[in-house]
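K.L.:
next input, structure requested:
(chains A and B)
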Amino acid sequence: LAKTTQPISMDSYEGQEVNITCSHNNIATNDYITWYQQFPSQGPRFIIQGYKTKVTNEVASLFIPADRKSSTLSLPRVSLSDTAVYYCLVESGAGSYQLTFGKGTKLSVIP
Amino acid sequence: GAVVSQHPSRVICKSGTSVKIECRSLDFQATTMFWYRQFPKQSLMLMATSNEGSKATYEQGVEKDKFLINHASLTLSTLTVTSAHPEDSSFYICSARSTSGGTEAFFGQGTRLTVV
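P.N.:
Sure, this is the predicted structure:
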C-alpha cells in the first residue's frame, strides 16, 4: 500500500476553511483515498473517500489531482468541534480489508 | 448508520490477570473484524484480523498467545489480553465492515485498558 505523508499539525480559527493535504506518491491504479477523523479517546470515523477529481458530502470535500499523487481534504467553516486528528489512508480497491494508519494531522480550531 | 459497539469502554485490572474486550456489529454482519492498539499521541496500529469461524491473523510482533481473539459469530469478536502487564496499558479499538459491501469501515468507541 502507498505510504502517506501529511502535516503533523495545523491550527485554524473558527469559521475558516481548512485544507489538509496528503501526499501518496506511490498510489496504485486501483487504490482509493479515504479520510478518517478521530476525537480523543474515541474510534476513528469515516469522513470521505474518492478516486479522482472531486468528491463532496455534507461534511467535507476531497480534491484529487489528475496524477493522484496527493489529495486535499477541505473542511468548510470549521468549528471548535472539528478539533481532532485527521488520517489520510490509501486503500487497495474501494472497501477493501485492513486499514493502515499513518501519523495523521492534528487540527486545532481556535476560538 | 452502522454501529460497532465495544465493551467495556474502560477497564482497570491487576497485573497478571486477564481482560476480555467485546466488539459487536449492531446492525450488520461482519465476517472480518480488526483489532487495533493505540498508545498516547500515536497512531492506530493493527494488531490482528479476526475471521469468523477461523483463526485470527496476527501482525508481526503481536503475540497470539497473549492476545487471544475469538470471532464466534458474524456480529461478535472478542479480544482477551492474558496475563496483562503494565506495558499492555493502551487504547484498544475494533473495526468492521459490512459483508454486504460499502466503502467505509466502522470503528468501536475503543477500550481504555489500564494495568496496575
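
K.L.:
any weak-confidence spans in chain B?
P.N.:
B:1, B:101-102 (pLDDT under 70).

K.L.:
would you mind listing what in it touches chain A?
P.N.:
By CB under 8 Å from any CB of the partner chain, the residues of chain B that approach chain A are B:4, B:6, B:32, B:34, B:36, B:43-46, B:49, B:91, B:93-95, B:97, B:101-110, B:112. (Each C-beta comes from the backbone N, C-alpha and C, glycine too.)

K.L.:
burial measure for whatever residue of chain B ends up closest to chain A, as a count.
P.N.:
When scored by CB to the nearest CB, chain B has B:F107 as its residue closest to chain A, at 3.1 Å. As a burial measure, B:F107 scores 24 neighbours (other CB atoms under 10 Å in any protein chain shown).

K.L.:
excluding covalently adjacent residues, which one is nearest to it?
P.N.:
A:G43 (3.1 Å; CB to CB, 6 or more residues apart in numbering or on different chains).

K.L.:
quick one: residues contacting the one you found.
P.N.:
If you count contacts by CB atoms under 8 Å, 6 or more residues apart in numbering or on different chains, A:G43 has them with B:4, B:6, B:93-95, B:107-110.

K.L.:
element containing it, please.
P.N.:
Using DSSP states H and E, A:G43 sits within no helix or strand.

K.L.:
so which residue is dead centre in chain A?
P.N.:
Central residue check for chain A by CA atoms, centre = their mean: the C-alpha nearest the mean position is that of A:W35, 3.6 Å away.

K.L.:
return the per-residue confidence for the closest residue to that one other than its chain neighbours.
P.N.:
Nearest residue to A:W35 in three dimensions, chain neighbours excluded: A:I47, at 4.5 Å (CB to CB, 6+ apart). A:I47 is assigned a pLDDT of 96 by the prediction.

K.L.:
any idea how far B:R37 is from B:G16?
P.N.:
20 Å (CB to CB, to the nearest Å).

K.L.:
just grab the bridge partners of the residue of chain B closest to chain A for me.
P.N.:
On the basis of DSSP bridges, B:F107 is bridged to B:S95.
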